[in-house]
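A.B. asks: Attaching a predicted model along with its sequence, questions to come.
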Amino acid sequence: MVEFGYYNLVKKIMKIDSVLIYESQYVISLYPFSILHCGWELRIGAFKYFEKVQKQFPDARIIYNGREGHLKSFLARFETKSQDIKKENIFILNSTIIPTKDFWASVEIAYNEYIKQDSITKSVIFEHKSVPVAAYMTAEDILNPIDYDKNFLPKLISDFNRLMPHIEIPEPKLANFLWDTLDIVGNEIKNDSTFFNNKVEFNELRKNNISFINQNSILIGEETKIGPGVVLDADEGPVIIGKNVKIYPNAVILGPCYIGDNSTVKIGAKIYENTSIGENCKVGGEIENSIIHAYSNKQHEGFLGHSYISEWVNLGADTNTSDLKNTYSNIKVNFHKQEIYTGRMFLGLLCGDHTKSAINTSFTTGTVAGICGILVNDGFLPNYIPSFAWRGNKGCTHYKLDKALETAKIVMGRRNKSLTPEEEELIISEYNSATQDIYK
């Protein structure tokens, strides 16, 4: 049983045995990442969403509920504990709600005030402006957690929402769209730095002409190798380097920034603040305020700014993204045949899994690209590129399904990974839908 709280700092007012994370009906708005991933797989700070919750509640079971095919794929790719709901204390969290330090603090304060009223019912709904965002249920209030997927969870989310007391909390941070994560990634890297310890000797590294600015906020993992002339600047936030990372000479990394385990930073790379790079990535050129998921590469010259890149993406040499309009006006994006006004001045590329760009590819401001694309074009590509696009320009054809699957398996095999049957089913489903959407 774990004490409720964030980084073990809050009072012993609530006990949590398990955390139930569920997708909202709007998870599709996380397109194109949501094509192959659950909402709780978003990379937020140094961790994915579910990893962050696991760190925050290390002794609790994490239970997941979402779209059936996506949930099966997630459970096949990650080792998880029992998914059954028991008569135990459960915290229920919508995956749209970002589990920030401020969120947990607001929940703690609100629940503490509620308990002071000597309320008989200890189970509550946390809401903001009458919209439920999370809930806490004690074991004695759980009636019949049998056949959880079909009966209990819908009852939990609907009936209990009406029956349990409601507590107002301040507005939480939300991930309604991928670009929402870009606004908080730097602050979350700062919060996540609590979970890291430095594993190297700075004085030894300085002998190799490596510069450390604000050394106390630089955290480097075991077996990491750093070349001569590298600058790690943590003046504006922590620089976290994972285990077995290789940083080639003359790279410059500004915090807050996270580089995941087993990743490579190429010669002369310029990685600016508010950037999170996942495990087993290769990065180079210029990167700013972007999130790159595991096993994706952007290892050559070119600019990537204010972008969200899914897994197994490869951006070819001199691929560039525009993230600011010449008019300095707010950016709109297109997907699902809808035009969405983001209210943002800066937004680059939102790219789905297994998509690849050719050399000298240019992406216009606010481009959305689906999965399994082979993208090449003279000049800028369109700002909406459907999944399985071959070339990606107007009038393009589509990438044949068998060839796309074959390529994915080859690429993953080179990293000793396999495409699971569950992932393949999701890819096939997207193919059946997306090939009707290729530019005519």
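C.D. replies: Looks like it arrived, so ask away. Residues are numbered from 1 along each chain as shown.
A.B. asks: From now on I want contacts and neighbour counts done on CA atoms only, so please keep to that.
C.D. replies: Fine.
A.B. asks: Okay, helices next: where are they in the stretch 51-200 of the chain?
C.D. replies: Counting by DSSP state H, counting those that start in this stretch, the stretch 51-200 of the chain has helices at residues 68-77, 101-115, 153-163, 179-192.
A.B. asks: Give the buried residues for the first one.
C.D. replies: If I follow you right, that is helix 68-77. Residues of helix 68-77 classed as buried: 69, 70, 71, 73, 74 (neighbour count, 16 or more other C-alpha atoms under 10 Å).
A.B. asks: Dump the helices of the stretch 51-200 of the chain into JSON lines; add mean pLDDT and distance to residue 339 as well.
C.D. replies: What follows is the helices of the stretch 51-200 of the chain, written out as JSON lines (pLDDT from 0 to 100; distance: least, C-alpha to C-alpha, whole Å):
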{"stretch": "helix 68-77", "mean pLDDT": "94", "distance to residue 339": "26"}
{"stretch": "helix 101-115", "mean pLDDT": "91", "distance to residue 339": "31"}
{"stretch": "helix 153-163", "mean pLDDT": "61", "distance to residue 339": "31"}
{"stretch": "helix 179-192", "mean pLDDT": "97", "distance to residue 339": "15"}
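A.B. asks: Nearest to residue 237 among the buried residues of helix 68-77?
C.D. replies: Closest to residue 237 out of the buried residues of helix 68-77 is residue 74 (31.9 Å), distances taken as C-alpha to C-alpha.
A.B. asks: C-terminal to the helix or strand of the chain with the lowest mean pLDDT, what's the next element?
C.D. replies: Lowest on mean pLDDT, DSSP states H and E among the helices and strands of the chain sits strand 2-3, with a mean of 38. On the C-terminal side of strand 2-3, the closest following helix or strand by DSSP states H and E is strand 15-16.
A.B. asks: Quick one: list the elements packing against that following strand.
C.D. replies: strand 2-3 (3 or more C-alpha pairs under 8 Å, 6 or more residues apart in numbering; DSSP states H and E).
A.B. asks: how near is the residue nearest to residue 386 when sequence neighbours are not counted to residue 431?
C.D. replies: Nearest non-adjacent residue to residue 386, counting by C-alpha to C-alpha, 6 or more residues apart in numbering: residue 370, 5.0 Å away. Going from residue 370 to residue 431 by C-alpha to C-alpha, to the nearest Å gives 10 Å.
A.B. asks: How about residue 390?
C.D. replies: 13 Å.
A.B. asks: just residue 164 next, same as before
C.D. replies: 43 Å.
A.B. asks: residue ranges with poor pLDDT in the stretch 101-250 of the chain?
C.D. replies: 143-163 (pLDDT under 70).
A.B. asks: could you redo the last one with a cut-off of 50?
C.D. replies: 147-149 (pLDDT under 50).
A.B. asks: next one: the stretch 301-440 of the chain
C.D. replies: 439-440.
A.B. asks: ok, for residue 265, nearest residue in space, not its chain neighbours?
C.D. replies: Using C-alpha to C-alpha, 6+ apart, the nearest residue to residue 265 is residue 247, at 4.7 Å.
A.B. asks: and what of residue 408?
C.D. replies: Nearest one to residue 408, counting by C-alpha to C-alpha, 6+ apart, is residue 354 at 6.7 Å.
A.B. asks: All set, thanks.
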